[in-house]
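Asker: When you get a sec, could you give me coordinates for this:
(2 chains)
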Amino acid sequence: MNIIKRYFKKCATLSLGFILFISCSDFLDIVPDNTISLEDYFANKEMAYNALSNVYAGLPNNQQIHNTEWLLGDDWLGQRDATKAHSGLAGSQIMEGLQNTTNPILGFWQGSSYATDLYEVIRSANTFLEYIHLVKDMSDAEKAQWIAQVNFLKAYYHFILIQHYGPITIVDENLKPNSSSEELFANRAKIDDCFDYVINLIDESIPNLDNENMEDQLGMVDQAAAKAIKARILLFRASPFFNGNKDLFGDFYDHDGKTFFPMDEAGSPAWTKKWDDALVAVNEAIKQCESDGFGLYEYTDQSYKFDTDDWKANPEAMKTMYTLRMLIVDPWNKECIWGRTYSMGQGGTIQDASNIRLPRTFTNGVQETTGNSYNWASATYQAMARYYTKNGLPIEADRTFDRNNMHRIVSTPQEDSLDYGPYRGILQPGFMTISMYLNREPRFYANLGISGGYWRGHQFRINTEMYGGTPGGYDPSVSQTDFMWTGIGVQKFVHPESKSGSWIRQIHFPYPIIRMADLYLMKAEILNELQGPNQQVYDEINKVRNRAGIPNVEVVWSDPNLCNSQYLNRHQTKDGLRDIILEERSIEFAFEGSRYWDVVRYKKATSEFNTPVTGWTGNAYGRQNFFRLEVKQRRQFLNRNYLWPISLNELNTNANIIQNPGW
Amino acid sequence: MNKQVKFIFYLIFLFTPFSLMAQTQTLVKGTVIEADTKQPIPGATIMIEKSTRGVTTDVDGTFELRAAPNEKLVISFIGLQSKTIEVGNQTFFEVELSPTVSELEEVTVVAFGKQKKESVIASIETVEMANLKIPSSNLTHAFAGKIPGMISYQTTGEPGADNAQFFVRGVTTFGYKSNPLILIDGFEATTDDLARIQPDDVESFSVLKDASATVLYGARGANGIILVSTKGGNEGKVKISARIDVNIAKPTQLLELLDGVEYMNLYNNALVSRYDDMEHDADDIPTPPWYSEEKIRATERGENGMIYPNINWYDMLFKNGTTNSKANVSISGGGKMAKYYVSGGIDYETGLLKVDNQDNLNNYNSNIKINRFNLRSNVSFNLGKTTSLDTRIYGRFERYNGPYTGAGDIFGMVMDSNPVDFPAIWEPDERNLSTRWTLFGNADPMKTNPFAEMVRGYRENNENTFTIQGTLSQDLDFITQNLKFQIKASANTWNYTSGARRYSPVYYALEQYDPFSKDYTLYNLTPNNVPYLGNTEGGRDGNTHFYGEARINWDKTWGKHSLSLMTVGIAEEKILTNGQGGTIYYTLPERNLGNSGRFAYDFDKRYFLEYAYGYNGSEKFYGKNQFGFFPSYGVGWIVSNEPFWNEKLKNAVSLLKFKFTYGKVGNDAIANREGRFFYLSQIASGGGTYQWGRIFSQGYDGFSFARYANPDITWEVAEKYNLGIELGLFKNQDLTIQADIFKDIRGNIYMRRENFPETTGFQTAIHGNVGKVESKGIDGSVDYKKSFSKDSWMVLRANFTYATNKYLEKDEKNYRDEYLKSIGYPINQTWGLVAERLFVDQQEIDNSPRQEFGGYMRGDIKYTDINKDGVVNDNDRIPMGYPTVPEIQYGFGLSAGYKMMDFSFFFQGNGRVSFYINPRGIAPFVNRRNAPLIIARDSWSETNPNVHAFWPRLATYQIDNNTQQSSWWLRDGSFMRLKTLEIGFNVPSLKFMFMESARVYVSGENLFTVSAFKLWDPEMGGNGLSYPINRRFNLGLQLNF
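Answerer: Numbering: from 1, shown residues only, chains lettered A, B, ... in the order given. As a prediction, this is how the structure comes out:
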């Protein structure tokens, strides 16, 4: 008993201490070991690359078929229509009129529906700028160069937001969870202030950027890229949409009663200044790029084995064709000023979606799977028809092109005929196809996959027919829904050596963000706006046309034997030349997402994008049934579609935000 | 619980100093007998008052000892009322001890101790276990309507997954955890532990509701506490008690679906229902009927069931009812050194799945089958006169066997299938006569065959939990009187392993059918499937939980004053694992540390004061927030103990008591296990992938924030007010009424902050202690007891809970439309679109605001553009209906007995509750699923253009416009049901079978329901397609030896 009592006394003393312990033991201080903190990402250069890649990762995923903005406009038509599925192909959804405020499609503001969240990435950029000084093993110059890249990207992301939303909220510094509500609930800034912010930031960054990128830095922003993008931004700013848009946004007022958009009249000093700025910028960009070795791409290698004979027989046309065919897919060629890279092995790219499946005749009868060759991202009839004739004129302007009979089925020249000479390696001989597939410019044959043409892919040259059950066509035994819904393929983004399915081997190339031809055509456009038509303008256009293998612009438009009288000398008026330049752009940059923005810049979207897109039947088996023109997808573009809606969620959160008109 | 009080008295005597030894002592003798039975009591204690001298009675209840005439004998026995007799000149005493009448009511279990009922001023509801006994083997099913202050409801009846939801005084927070803390013998337990407890093992069950009652558990007490203590042994002979119950469970109600013929006709209609108003190309033709006229006719005629099946999947898959049983037995008793209560119980539960012998390949039975064993051993030892050790061991071992696909999902598949596409199983055709495996039916394109899903595999879970507890109590009267010290250690381990095996059913579809010969051939839709059970897919998890407490109690009474002090220190640790892996944050231990105390004082049993505090620490918080201090204050006044309350008044009102408490209580359970390290930022690799270089080889993953650090996150704190009245009417308090009015202001509620615009660019939501909710209400009960004669008695009881709440503060969006803000509305308030009716024609559509929920046409729902901005979108939702958790819950019942018979019934009801039918769940014909009967009877069509039809225009796919949460689908969830009914027959004594008593009873549960909602059991709320709630018919037998 005593022992227990004594024991108890001890216990009691201990426990009393225990009761009154509270002095704070570390019993409660549970901290997980070895977890990473933000500072760790700025410990050394190797780790800091992650912070840099965080910022680059905001570049819109234009290489991804469902996320790409290149589906805006009327170039592409995807599988969405075949299955009536209500997801994917975000760009198409917008063009169909499905944009909404609840969950905006391609909503870069909040990262909704297939878009990257640009404000999130801007935050990453600001975080990078706040912490980069911590890195130990980088020189100040190296840091300055990285900071310049990040500043440039931060500016570029602001620009992408302006492009879509018009007036935006500028976020120069990161807000904190305990920031005041005034800081949190910022207003949208006026268009001019937005552009000023972006341009200043780019100007600030340019001097510290590298002149030239080493092999392992390809894809990083250098001076050439920054200057080229700056030129594009200033061109946007000078374009009618942003430069005094009274008709669309004359009553789009900020809280202070002033309009968000500038209201300058065309020709006024303020209006002209913006074009002048653009001209200075594009000149600087061209100068920088040319001195850095950028230029229009030309194919200099020999042909693939499967083309050896045709290359010998038809060298000039084949070389042009190879130049145009490889322009995008030849990685990091001199045309590509800046491009979007992506992870190795990433699926769902435009290349994957547009590549046709390898026909069984090439696989010893083995059925090709759909992996990396979805065989369904097709060109609309509209995009196909836009390509020039071989004379470098639009179909409707070329009097040598029989427009009335262009939907008749005709035979391509027989192999032994003289006529076949220029088509060698370009069209299959003696093939019954639609008349409008003949006598077109080289870009037509290089970019498209047509009945009677060739598809260079899977390391083969495939004779495409595009009809059901033939190479490039509908094959229900592989997929009921995956087929070219218009019957017109796009091989512009298919590297001839990329193989799919069981034989997979992918050649990756950067999807162009800006390339050299753009700068020349931008310069032509700006000069035309400032000075009207002159030889300097034609020269810039001709650089691109010559590379494309078509005659000079001032030659064909003034030739009464070639040009229909109603279009004759169109290049000699400012308006006519502007249309020619935009048309040239829509062909040169077909499927690269350029046309949509060009149309928007000139406020023509409601007239251009309100008619349905069309195509051939796509899944019909014989040519007679195949070449029937059908409506493929409705298009609806209202004035409100010019600017993206700000999400309902954001409006509900920030009462200072004024919604874009019409939403 | 009374034994400890007795024990204390006993100890008081033990320590009384030897003082009065002067008188001459004589030998006195006597016997001690039980007043009721006249049986002698062995082991009763006879003490000389104010001395340490004493003896105990022999086996025959006799005693003898020496005592002086002026001394007093104190005769006591556990469980009986003590008596004090002056010795005087008597030398033989026949002492009758009567049982301590309703001692349960006199002492109330409170946090860390017990208090005399009359001095309790906290709001504590003690429930008699007899009222919580129900046929179901899940105690939580009994809560609804039985406990004033508790709101409870049950949404599924699936055995093993059927715990009811329950909240003390309603939902008082919208934070992570709103359900009460459960303490079994002072040790935190899980809902399952509570659900599976054997009611016969429970000594007391109480619900602690206000601040005074809960503040001592400051780390978790804010949501109220359920306090259960289990039985211990009593000194005396061995008592054996056994109970066996067998019940049949049937669904209360099932959704009625279409039969094959009606389904096919309506499906064909639905296919073309929308054609006329759709945009389509000229050469698009309406979809031809899916089901041919010939098939419909043949099905109607009931031809060949293989070719023209017409399956009622409910009948195919489920039994009408299933049998469950449970049994338990307990042995208790004790002697001087030790007392024990040992019990064991078995539950056997089965599911409704009809799987027996229907699959010829495998032997297993995939119906739900649960075998559950409970073992409880509560043994206490007297280590010395002032020291005792109480040990409690509890183990629960559960083995679950069930289908690979969850039983609730299988119920859902009934709706997802249709009666006509294929038979569940083909009878073999010529080619398959020797096929070894089952020829499961299917069609091309494939659908789910619910029967195949049901039998395709099985799942076995083993769940074991084991709790041990030791409590060492020491009286420290040698320091000062009535000072007691106690330390307690508890440990629990829970582990769970599961194994599932399944095979891929081989499905066959019809290839050819010859209507003349009736021969058919099948083809294999899934030639690659292997119908043999695969490897075991395992799962495991386990947690360990430690708890220690040291406590000092001291009571003192002097004159009219009485004082009670208590302080306790606790330390608790939960060691967490997750067998499936997961983040480090999930598996780091949870820890609490705390010190609590109570000061209670009363003057003359009239005026009461109480102060209590909890000072608690939690691993979840940082720096100065790591510990929270939570005080409470209470006052009480028993008016009926005032001198002016004369006899006359007492005859009418025997008890009148007022009490008021106020205090703050904390809650650290504000986020899930992964989310609790608020002060640490969490950064994960990935999310910012980019690559540079010629072949994109310089790739980096980037990083992203999963949480931004916020060291200021702190405790959720409830401020609780309680004003109570207790009223006893008539002489013996035959009619008692008690009622509490309460208010609970829950502040610092941790919530996702909604007010950060996207432009801030945060990668993850920001959270903060920014919510505040006010709850208030009233709960009370009325009890009336009446004995008419020696043979007949009656007890009436009723109780009522009304608890409502509203947001006081919430970080929500800056809605421009006031009606979107939730401030002022209840937590479980829902917002919905206002559905006006169905659109009449295209003209009306063209002239109405655009609706942003996908396409719509005539016969689809027209919503009101509340804010008149020309578009109907999410901003046009207004608060509608009542909250989804009932605001009112009530129950009333009667028990009566006459001689050997007894009878009781109990009604339970919910009020002020709403729910939405889940329209996507019952949307007909989507992927050729079946349709509820009501849709066939009442949907919009060209021929029935009823703009108020139950269902809008038919379609064979989901019409998003119609499935929005809107007033169209809002339903009143209130109901009243006959919760229990019981008739019993008592056999008082069966001496010849060594039995003290026996009782046979029949009872029922959920016998009928009165509700405005008819499609399914309204308690299930919006989802009527899961495993239904059960109705039970029970036969029971209870034996006492």
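
Asker: Where does pLDDT dip in chain B?
Answerer: Scanning chain B for pLDDT under 70 picks out the ranges B:1-23, B:36-37, B:78-79, B:99-106, B:279-286, B:356-362, B:989-993.

Asker: Provide a list of residues in contact with residue 566.
Answerer: No chain was given, so I picked chain A. If you count contacts by C-beta atoms under 8 Å, 6 or more residues apart in numbering or on different chains, residue A:566 has none. C-beta coordinates here come from the backbone N, C-alpha and C atoms, glycine included.

Asker: Sorry, I should have been clearer: chain B.
Answerer: So residue B:566 contacts B:112, B:113, B:551, B:552, B:553, B:554, B:597, B:598 (C-beta under 8 Å, 6+ apart).

Asker: So which of these would count as near chain A as well?
Answerer: When C-beta under 8 Å from any C-beta of the partner chain is applied, the members of these adjacent to chain A are B:551, B:552.

Asker: Could you dump the contacts of residue B:566 into CSV and include secondary structure and neighbour count?
Answerer: Shown next, in CSV, are the contacts of residue B:566 (DSSP: H, G, I helix; E, B strand; the rest coil; neighbours: other C-beta atoms under 10 Å in any protein chain shown):
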residue, secondary structure, neighbour count
B:112, coil, 21
B:113, strand, 19
B:551, strand, 23
B:552, strand, 19
B:553, strand, 22
B:554, strand, 17
B:597, strand, 21
B:598, strand, 25
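
Asker: Which pair of the contacts of residue B:566 spans the longest distance?
Answerer: Maximum pairwise distance in these, criterion C-beta to C-beta, is 12.8 Å, between B:112 and B:554.

Asker: Near chain A, which residues of the stretch 551-700 of chain B? Just list them.
Answerer: Within reach of chain A by C-beta under 8 Å from any C-beta, the stretch 551-700 of chain B has these residues: B:551-552, B:567-569, B:571, B:584-585, B:588-589, B:591-593, B:595, B:615, B:617-619, B:626-627, B:677, B:680-683, B:685, B:687-700.

Asker: and the residues you listed, which are buried?
Answerer: By neighbour count, with 16 or more other C-beta atoms under 10 Å in any protein chain shown, these hold B:551-552, B:567-569, B:571, B:585, B:588, B:591-593, B:595, B:615, B:617-619, B:626-627, B:677, B:680-683, B:687-696, B:698-700 as buried.

Asker: before we move on, back to that, from the contacts of residue B:566, which is closest to residue B:1003?
Answerer: residue B:113 (35.6 Å).

Asker: need the contact list for residue 57.
Answerer: Let's take chain A. Residues near residue A:57 by C-beta under 8 Å, 6+ apart: A:116, A:121, A:124, B:687, B:688, B:689, B:690, B:702.

Asker: not quite, I wanted chain B
Answerer: So residue B:57 contacts B:31, B:32, B:40, B:41, B:42, B:43, B:44, B:46, B:63 (C-beta under 8 Å, 6+ apart).

Asker: mind listing what the last one touches?
Answerer: Pointing back at residue B:63 there. By C-beta under 8 Å, 6+ apart, residue B:63 lies in contact with B:29, B:30, B:31, B:32, B:44, B:46, B:55, B:56, B:57.

Asker: In PDB, list the C-alpha atoms belonging to the helix or strand containing it.
Answerer: Per DSSP states H and E: residue B:63 is located in strand B:62-67. Extracted as PDB, the C-alpha positions of strand B:62-67 are listed here (Å, rounded to 0.1, in the frame of the first residue of the first chain):
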ATOM      1  CA  THR B  62     -26.200 -11.400   8.300                       C
ATOM      2  CA  PHE B  63     -23.700  -9.400  10.200                       C
ATOM      3  CA  GLU B  64     -22.500  -8.700  13.700                       C
ATOM      4  CA  LEU B  65     -20.300  -6.100  15.200                       C
ATOM      5  CA  ARG B  66     -19.700  -4.200  18.300                       C
ATOM      6  CA  ALA B  67     -21.200  -0.700  18.700                       C
END
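
Asker: Strand partners (parallel or antiparallel) of that strand?
Answerer: Note on strand B:62-67: by DSSP bridges, its sheet partners are strand B:26-34 (antiparallel).

Asker: Can you name the residues in contact with the partner strand?
Answerer: Contacts with strand B:26-34, where a contact means C-beta under 8 Å, 6+ apart, come from B:39-41, B:44, B:46, B:57, B:60-69, B:73, B:75, B:77, B:80, B:87, B:90-99.

Asker: Need the CA coordinates for that strand. CSV is fine.
Answerer: Provided in CSV are the C-alpha atoms of strand B:26-34 (Å, rounded to 0.1, in the frame of the first residue of the first chain):
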residue,chain,number,x,y,z
THR,B,26,-22.2,-4.1,22.8
LEU,B,27,-22.5,-6.8,20.2
VAL,B,28,-25.3,-6.1,17.7
LYS,B,29,-26.5,-8.5,15.0
GLY,B,30,-28.7,-8.2,12.1
THR,B,31,-29.6,-9.1,8.5
VAL,B,32,-29.8,-6.9,5.5
ILE,B,33,-32.4,-7.7,2.9
GLU,B,34,-33.6,-6.2,-0.3
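
Asker: what element comes up after that strand heading to the C-terminus?
Answerer: Downstream of strand B:26-34, the next assigned helix or strand under DSSP H and E is strand B:45-48.

Asker: of all the contacts of residue B:57, which comes closest to chain A?
Answerer: For the contacts of residue B:57, the minimum distance to chain A (C-beta to the nearest C-beta) is 22.1 Å, reached by residue B:43.

Asker: where's residue A:28 relative to residue B:573, distance?
Answerer: Distance of residue A:28 to residue B:573, computed by C-beta to C-beta, to the nearest Å: 10 Å.

Asker: overlap in contacts of these two?
Answerer: B:591, B:592.

Asker: OK, contacts around residue A:289?
Answerer: Contacts of residue A:289 (C-beta under 8 Å, 6+ apart): A:224, A:227, A:228, A:295, A:337, A:516, A:519.

Asker: Name the nearest residue to the last one, ignoring sequence neighbours.
Answerer: If the residues on either side of it in the chain are set aside, residue A:519 comes closest to residue A:286, at 5.2 Å by C-beta to C-beta, 6 or more residues apart in numbering or on different chains.

Asker: What is the burial count for that neighbour?
Answerer: Number of residues near residue A:286 (other C-beta atoms under 10 Å in any protein chain shown) recorded here: 22.

Asker: That one and residue A:520 touch, don't they?
Answerer: Yes. With contacts defined as C-beta atoms under 8 Å, residue A:286 counts as touching residue A:520 at a distance of 7.4 Å.

Asker: are any of the contacts of strand B:26-34 buried, and which?
Answerer: Among the contacts of strand B:26-34, those classed as buried by 16+ other C-beta under 10 Å are B:40-41, B:44, B:46, B:57, B:61, B:63, B:65, B:67-68, B:73, B:75, B:77, B:80, B:87, B:93, B:95-97.

Asker: Quick check: nearest residue in space to the closest residue to chain B within the stretch 401-550 of chain A, chain neighbours excluded?
Answerer: Going by C-beta to the nearest C-beta, chain B is nearest to residue A:508 of the stretch 401-550 of chain A, at 5.7 Å. The shortest distance from residue A:508 to any non-neighbouring residue, by C-beta to C-beta, 6+ apart, is to residue B:696 (5.7 Å).
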